[in-house]
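Asker: Predicted model follows, preceded by the sequence.
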Amino acid sequence: MVGQNLGAKQIERAEKSVFTTAKYNLVFMASITIITLVFGQYIISFFTNDEIVKTVAVEALQIMCIGFVFYGIGMVLINTFNGAGDTWTPTGINFFGFWLFQIPLAYILAKHFNMGPTGVFIAIPVAETAITLAGIFFYKRGKWKRVQV
């Protein structure tokens, strides 16, 4: 929708489509977060009967689902840039967010803070939140509205 609206010189409509999509995604991901928090044990039980695996998996699901709302909004923003023809911004955000932030943070939390798998699980929503904040920053700068394809 962004690319189509920008191509039609309808910048306000492109912005509105981003806002509307982000709003619906926020509601959807918040619903999934609640479902995951409430029914996580049952969801995991569908995949395994091993109690040790269940314990770790439920913890992972409960920690990571806290970032679902940010993940949903970030996904919309990152794809806004792609839709506008700006592929460098999402590439940079994802490269820094995942390779230079999430992976080192997971390692530091797991190894240096002796958090083990819990540290890895925590790194995921933290990185997704950082990626979303970067997406908001670059979205508000508005360069995506002026990309020439």
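Answerer: Here it is on my side, so go on.
Asker: tell me the contacts of Tyr139?
Answerer: For Tyr139, the contact set (CB atoms under 8 Å, 6 or more residues apart in numbering) comprises 18, 77, 80-81. (Each C-beta comes from the backbone N, C-alpha and C, glycine too.)
Asker: Which residue, other than its chain neighbours, is closest to Thr118?
Answerer: Glu59 (6.6 Å; CB to CB, 6 or more residues apart in numbering).
Asker: meant to ask about Val69
Answerer: Per CB to CB, 6+ apart, closest to Val69 is Met29, 4.9 Å.
Asker: Tabulate the CA atom coordinates of the helix or strand harbouring Thr89 in PDB.
Answerer: Assigned by DSSP states H and E, Thr89 belongs to helix 88-94. Taking Å, rounded to 0.1, in the frame of the first residue of the first chain, the C-alpha atoms of helix 88-94 are listed here in PDB:
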ATOM      1  CA  TRP A  88      19.000   0.200   2.700                       C
ATOM      2  CA  THR A  89      17.200   1.400   5.800                       C
ATOM      3  CA  PRO A  90      15.700  -1.900   6.800                       C
ATOM      4  CA  THR A  91      18.900  -3.700   5.900                       C
ATOM      5  CA  GLY A  92      20.900  -1.500   8.200                       C
ATOM      6  CA  ILE A  93      18.300  -1.600  11.000                       C
ATOM      7  CA  ASN A  94      18.200  -5.400  10.800                       C
END
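Asker: follow-up on the earlier one: return the residues in contact with the residue nearest to Thr118.
Answerer: 117-118, 121.
Asker: so where's the protein uncertain?
Answerer: Along the chain, the parts satisfying pLDDT under 70 run over 149.
Asker: and Asn114, how far is that from Lys23?
Answerer: 40 Å (CB to CB, to the nearest Å).
Asker: Over to Val126?
Answerer: From Val126 over to Lys23 the distance is 24 Å, taken as CB to CB.
Asker: Then Arg141?
Answerer: Taking CB to CB, one finds Arg141 at 21 Å from Lys23.
Asker: remind me, longest helix of the protein?
Answerer: helix 11-45 (DSSP state H).
Asker: Any buried residues in the following helix or strand past that helix, and which?
Answerer: Once the chain leaves helix 11-45, the next helix or strand it forms, by DSSP H and E, is helix 51-64. The neighbour-count check on helix 51-64 (16 or more other CB atoms under 10 Å) flags 54, 56-58, 60-61, 63-64 as buried.
Asker: Alright, calling it a day.
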